[in-house]
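In: I would like to see how this sequence folds:
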Amino acid sequence: MSLFDEIMKDLSRAEDLEQLSILLEEYYIEAENDQVIFNEMINVAAYYANRGYRDVQIDILKALYEINVSAKIIYLIAEAYYLYAQYEEAYQWIKKVDDNLRYKNSLLEAKILIELGDFNQAKSLLEKLIANFNLKAEPYVVLAELFYDRQFYEQAKTYYQAAYEYFPEKIDARAVRMKLVELESIKEVIDIQKIESLMLTEDLPIEEANEYYILAIAYFKAQIIDKAIEASIKAIQADRDLVDARLLLMELYETVSQNNELKKTIEQLAIMLPPFHEAIMDIAEIANRHNYFTDDLLEKLIDFYDYVDNVEDQYRIMSYLVNYQLSINKPENALHYLKTLAYAFEDEMSLTHLFAKTYEALNMLDRAEVFYNKALELGVGDSSLVIDAVKFYMNQERYEKAYLITEDFNNSAYQTQELVNLNNELKEILWDKD
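Out: Below you'll find the model as predicted:
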């Protein structure tokens with residue numbers, strides 16, 4: 001049995017952290033005069049860190065620091081605090097190291113400075129590292145990420161490109177490649193050949209779902225829709241739970257009017273998305289444009305209704321629910337939604353347009369008229385409010401009332417070509433009547 005195994009077997013006797021501290025004290029005493037024990041205690045600290053006991057790791061390392069003030073122990077303490085997201089403490093410890101020109105110390109200090117928000121000092125330190133240790137890959141990637149996070153994309157691209165070209169075996173080449181593709185994709189004019197040269201290579205073939213997904217986005221932005229669809233499908237085949245790829249595919253199918261495939265994708269998303277997923281609203285928006293709501297989507301929309309924290313989104317959901325039920329000739333369901341979900345609105349007057357359309361569909365015309373007039377008075381409702389009101393009166397052959405509405409909202413935000421056409425049509429009807 002190795003010395004490390006013996007120590008861990010002994011420490012396993014501890015039933016809680018307090019007992020563990022007592023047992024560790026015995027090893028600290030031995031470590032004062034035994035370098036072998038001292039070195040094994042560093043491994044013991046790492047053992048606890050790997051199992052999530054970062055505070056135990058730090059306590060052990062600090063005890064070793066009291067025994068031997070070494071640059072290695074200081075570095076390990078600073079690194080532990082950094083990984084524990086305690087950046088102020090990490091910075092205080094890394095500054096205790098005298099030789100900060102050493103590669104590892106300087107790189108860790110730069111990472112800590114980034115987390116502390118000191119962009120200029122971190123940048124300066126990383127540039128010095130690249131100048132002094134130009135065969136080390138990580139400073140290039142860290143500096144690229146620093147620029148990327150601050151939206152200095154051209155500078156980020158320069159350092160990502162250098163890391164990718166010169167150190168492909170020393171970095172996460174796939175992650176860096178995806179960053180380069182993303183940076184190419186955000187350009188106003190996309191160089192799709194450049195992106196394909198990065199992604200479609202035998203040296204690093206595409207294997208992961210996210211790689212297909214980011215390639216699909218690039219194709220979509222370049223308006224190469226067939227290849228975007230193909231890449232999206234491959235992303236889904238690689239990871240059936242990749243929601244973003246399905247959302248993109250839904251948008252692509254809508255773009256090229258592949259309505260059957262679009263509906264299948266809406267159905268799949270409505271089933272697979274967990275309740276309260278933020279993409280519910282994106283799906284509902286497209287479903288609303290195509291008047292295609294599945295039972296699963298309707299159910300998740302209702303659940304999401306209580307989850308959203310703003311009236312605008314709640315109104316959108318209510319509008320989707322009501323308008324869909326009206327479109328399938330189920331006004332009673334629309335009225336049920338209005339009456340049971342209206343509690344979310346402090347002022348129910350914002351729902352007057354939806355109530356008006358619903359009562360009209362139920363042939364409760366007196367009530368519908370009250371709500372149409374109130375909606376017109378308040379100017380609340382969908383963009384179709386004025387058109388709906390005009391048609392409401394036209395259907396009852398109340399042409400003068402309908403005409404007055406078209407005149408009242410002439411040159412308003414509600415004016416559309418359809419409203420102009422209705423105004424002209426009503427003029428002719430009234431002229432013929434005279």
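In: what residue ranges in the stretch 51-200 of the chain score low on pLDDT?
Out: Low-confidence segments of the stretch 51-200 of the chain, defined by pLDDT under 70: 99-101.
In: try 90
Out: By pLDDT under 90, the weakly predicted segments of the stretch 51-200 of the chain are 69-70, 96-102, 186-189.
In: where do the helices of it begin and end?
Out: With DSSP state H, counting those that start in this stretch as the criterion, the stretch 51-200 of the chain has helices at 54-67, 71-83, 87-94, 103-115, 119-132, 138-149, 153-166, 173-185, 192-199.
In: make a markdown table from those and add distance to Glu312 to it.
Out: Every C-beta, even on glycine, is put in place using the N, C-alpha and C of the backbone. Shown next, in a markdown table, are the helices of the stretch 51-200 of the chain (distance: least, Cβ to Cβ, whole Å):
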| stretch | distance to Glu312 |
| --- | --- |
| helix 54-67 | 43 |
| helix 71-83 | 41 |
| helix 87-94 | 38 |
| helix 103-115 | 36 |
| helix 119-132 | 36 |
| helix 138-149 | 30 |
| helix 153-166 | 32 |
| helix 173-185 | 30 |
| helix 192-199 | 37 |
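In: dump those into a markdown table; add mean neighbour count and distance to Ala368 as well.
Out: Converted to a markdown table, the helices of the stretch 51-200 of the chain look like this (neighbours: other Cβ atoms under 10 Å; distance: least, Cβ to Cβ, whole Å):
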| stretch | mean neighbour count | distance to Ala368 |
| --- | --- | --- |
| helix 54-67 | 19 | 65 |
| helix 71-83 | 20 | 64 |
| helix 87-94 | 19 | 62 |
| helix 103-115 | 20 | 60 |
| helix 119-132 | 16 | 60 |
| helix 138-149 | 21 | 55 |
| helix 153-166 | 18 | 54 |
| helix 173-185 | 19 | 50 |
| helix 192-199 | 16 | 54 |
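In: out of those helices, nearest to Ala31?
Out: Closest to Ala31 of the helices of the stretch 51-200 of the chain is helix 54-67 (Cβ to Cβ; 5.8 Å).
In: so that closest one versus helix 71-83, what angle?
Out: Between helix 54-67 and helix 71-83, the angle comes out at 160 degrees (axes from the mean of the first three to the mean of the last three Cα atoms, to 10 degrees).
In: what helices or strands is helix 54-67 leaning on?
Out: Helix 54-67 sits against helix 17-31, helix 35-50, helix 71-83, with contacts defined as 3 or more Cβ pairs under 8 Å, 6 or more residues apart in numbering; DSSP states H and E.
In: Glu207: which of the helices of the stretch 51-200 of the chain is closest?
Out: Once these are compared by Cβ to Cβ, helix 173-185 is nearest, at 7.9 Å.
In: output the closest one as CSV, nothing but the C-alphas.
Out: Provided in CSV are the C-alpha atoms of helix 173-185 (Å, rounded to 0.1, in the frame of the first residue of the first chain):
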residue,chain,number,x,y,z
ALA,A,173,-9.1,22.8,-31.2
ARG,A,174,-12.8,22.2,-31.6
ALA,A,175,-13.8,24.9,-29.2
VAL,A,176,-11.4,27.4,-30.7
ARG,A,177,-12.5,26.5,-34.2
MET,A,178,-16.2,27.1,-33.2
LYS,A,179,-15.2,30.6,-31.9
LEU,A,180,-13.5,31.4,-35.2
VAL,A,181,-16.6,30.3,-37.1
GLU,A,182,-18.8,32.3,-34.8
LEU,A,183,-16.6,35.4,-35.4
GLU,A,184,-16.8,34.9,-39.1
SER,A,185,-20.6,34.5,-38.9
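In: identify all contacting residues around it.
Out: 141, 144, 148, 153, 156-157, 160-161, 163-164, 190-191, 194-195, 198-199, 204, 207-208, 210-211, 214-215, 217-218, 221 (Cβ atoms under 8 Å, 6 or more residues apart in numbering).
In: where does pLDDT dip in the stretch 251-400 of the chain?
Out: Using pLDDT under 90, the flagged stretches of the stretch 251-400 of the chain are 274-276, 278, 305-314, 341-350, 378-383.
In: give me the contacts around stretch 155-162.
Out: Against stretch 155-162 from outside (Cβ under 8 Å, 6+ apart): 140-141, 143-145, 147-148, 176, 179-180, 183.
In: export that stretch as PDB, just CAs?
Out: Output of stretch 155-162 as PDB, limited to C-alpha atoms (Å, rounded to 0.1, in the frame of the first residue of the first chain):
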ATOM      1  CA  GLN A 155      -8.400  41.200 -31.900                       C
ATOM      2  CA  ALA A 156     -10.100  38.000 -30.500                       C
ATOM      3  CA  LYS A 157     -10.000  36.500 -34.000                       C
ATOM      4  CA  THR A 158      -6.200  37.300 -34.300                       C
ATOM      5  CA  TYR A 159      -5.300  35.300 -31.200                       C
ATOM      6  CA  TYR A 160      -7.800  32.500 -31.700                       C
ATOM      7  CA  GLN A 161      -6.400  32.100 -35.200                       C
ATOM      8  CA  ALA A 162      -2.800  32.000 -33.900                       C
END
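In: which is the next helix or strand following the host helix or strand of Lys264?
Out: Lys264 belongs to helix 259-272 when assigned by DSSP states H and E. Using DSSP H and E, the next helix or strand after helix 259-272 towards the C-terminus is helix 280-289.
In: next secondary structure after that following helix?
Out: Using DSSP H and E, the next helix or strand after helix 280-289 towards the C-terminus is helix 295-307.
In: for that following helix, which outside residues touch it?
Out: For helix 295-307, the surrounding residues in contact (Cβ under 8 Å, 6+ apart) are 266-267, 270-271, 273, 275-277, 280-281, 283-284, 287, 293, 314, 317-318, 320-321, 324, 341, 344.
In: ok, stretch 199-211 next?
Out: Here stretch 199-211 makes contact (Cβ under 8 Å, 6+ apart) with 168, 173-174, 177-178, 181, 212, 215, 234-236, 238-239, 242, 245.
In: in these, find the pair that's most separated.
Out: Using Cβ to Cβ, the contacts of stretch 199-211 span at most 28.1 Å, a distance reached by Pro168 and Ile236.
In: which of the two has more neighbours?
Out: Ile236 (22 against 15; other Cβ atoms under 10 Å).
In: ok, the more buried one - contacts?
Out: 209, 242, 245-246, 249.
In: just how off-centre is the helix or strand where it lies within its chain?
Out: Using DSSP H and E, Ile236 maps to helix 225-238. In this view, helix 225-238 has its centroid 20 Å away from the chain centroid, taken as Cα atoms, centre = their mean, to the nearest Å.
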